[in-house]
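>>> Here is a sequence with its predicted model. Questions after.
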Amino acid sequence: MHMADETQSKNARIILFTSCKGGVGKSTVCANLAMSVALSGKDVLVIDCDFGSRCLDIVAGFSDRAVYDISDAVVGRVPPEKVVVKDNRCEHLSFIAAPYSVDAQMNLFLFKRTIAAYATSGRYDYIFIDTPGGAGDPLLYASAVADTAYIITSSTKVSVRAADKTASFLYDKGVKRLRLIINKVTGTSAKKAKDELISVIDGAAVKLIGAVPYDPELIRAGDEGKLTDELYSTNLTRAFDNIARRTEGEQVPLFYKIRRLKRLK
Ligand SMILES: Nc1ncnc2c1ncn2[C@@H]1O[C@H](COP(=O)(O)OP(=O)(O)OP(=O)(O)O)[C@@H](O)[C@H]1O
Ligand SMILES: [Mg+2]
């Protein structure tokens, strides 16, 4: 437990998760990284800002308990704390679901005010915002409140270049701390994958913060609402753990303790 005065003084860091393409793993990376950071003892609130097609509640395993959503808090139907769902595996992790459909009463001013209330409540070290990607309202809203953006990409040159474009968009919107996460990495060895990634990101303007191996276990886990605390693959849990540690400012090698990577058939 935190001491009362310490609780008062902590302001949450807000990190948004985005990508220029759908299905590259924003929600998966966001939810699993949140669990890894929470397991280290930091308080993390994950907000699904995929207005209109919520999915984080399934990936993170809280769909049966998500009665309210972020729009209820933003437009004032429900007090902000009431829309928060506490994770039942880790006491440091909480979630807020996205609405099933776009709420016409939502606006940027109210959204900013609501997120600021969570960020300054003293309850959270981190707020993670999952966006549906693209340059629509959710990304505009999230970029108005976030200090950092994690851009998720696959390891192809084309998607890394597109990630660069997203990065300039965010930079223009005032999000100055931009980091790249390369997801679904395949290869015969961590060393080979590392060499490949280094050549891919060589021209990219965004600093790399981590890489996540391709592993079908993550697809199954996403369907069952299981996160890093329940995964069998140590390569996956270590990958998220490494990014969690770098998020907290620790220096950890890119593929620290990751041994083998899958090869796509
Ligand atoms: N490292 C990985 N290895 C294997 N499968 C993965 C990995 N990361 C994500 N996936 C799978 O890829 C699919 C898309 O992931 P996810 O829904 O997280 O992407 P997204 O970028 O949030 O998509 P959207 O744009 O629809 O929001 C899911 O089936 C997920 O389980
Ligand atoms: Mg998603």
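Structure's in. What do you need? Ligands and ions are numbered 1, 2, ... in the order given.

>>> Please identify which helix or strand holds the residue lying closest to residue 83 once chain neighbours are set aside.
Nearest residue to residue 83 in three dimensions, chain neighbours excluded: residue 68, at 4.1 Å (C-beta to C-beta, 6 or more residues apart in numbering). Placement of C-beta: from N, CA and C, glycine included. Take DSSP states H and E as the rule and residue 68 turns out to sit in neither a helix nor a strand.

>>> which of the residues in the longest strand along the chain are buried?
Secondary structure assigned by DSSP state E gives strand 177-185 as the longest strand of the chain. Buried positions in strand 177-185, judged by neighbour count with 16 or more other C-beta atoms under 10 Å: 178-185.

>>> for that strand, packing partners?
Counting by 3 or more C-beta pairs under 8 Å, 6 or more residues apart in numbering; DSSP states H and E, the packing neighbours recorded for strand 177-185 are helix 26-39, strand 148-153, helix 157-172, helix 190-201, strand 207-213.

>>> The fourth one and ligand 1, any residue contact?
The reference is to helix 190-201. No: Helix 190-201 does not reach ligand 1 (C-beta under 6 Å from any ligand atom); its nearest approach is 12.4 Å.

>>> What angle do strand 148-153 and that helix make with each other?
Taking axes from the mean of the first three to the mean of the last three C-alpha atoms, to 10 degrees, one finds helix 190-201 and strand 148-153 inclined to each other by 110 degrees.

>>> what does helix 190-201 contact?
155-157, 160, 180, 182, 185-187, 208, 211, 213, 254-255, 258-261 (C-beta atoms under 8 Å, 6 or more residues apart in numbering).

>>> Now do the strands in the chain.
Taking DSSP E to define them, one finds strands in the chain at 13-18, 44-48, 85-86, 93-96, 126-130, 148-153, 177-185, 207-213.

>>> With distance to ligand 1 and mean pLDDT as extra columns, can I get those strands in CSV?
Listed next are these as CSV, based on distance: least, C-beta to the nearest ligand atom, whole Å; pLDDT from 0 to 100:
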stretch, distance to ligand 1, mean pLDDT
strand 13-18, 8, 97
strand 44-48, 10, 98
strand 85-86, 19, 98
strand 93-96, 15, 98
strand 126-130, 7, 98
strand 148-153, 6, 95
strand 177-185, 5, 92
strand 207-213, 5, 91
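
>>> Pipe those into CSV and attach distance to residue 60 per row.
Listed next are these as CSV, based on distance: least, C-beta to C-beta, whole Å:
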stretch, distance to residue 60
strand 13-18, 13
strand 44-48, 7
strand 85-86, 9
strand 93-96, 6
strand 126-130, 9
strand 148-153, 16
strand 177-185, 17
strand 207-213, 16
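
>>> Spell out which parts of the stretch 101-250 of the chain neighbour ligand 1.
So far as C-beta under 6 Å from any ligand atom goes, the stretch 101-250 of the chain lies against ligand 1 at 132-133, 183-184, 212, 214-216, 218-219, 222.
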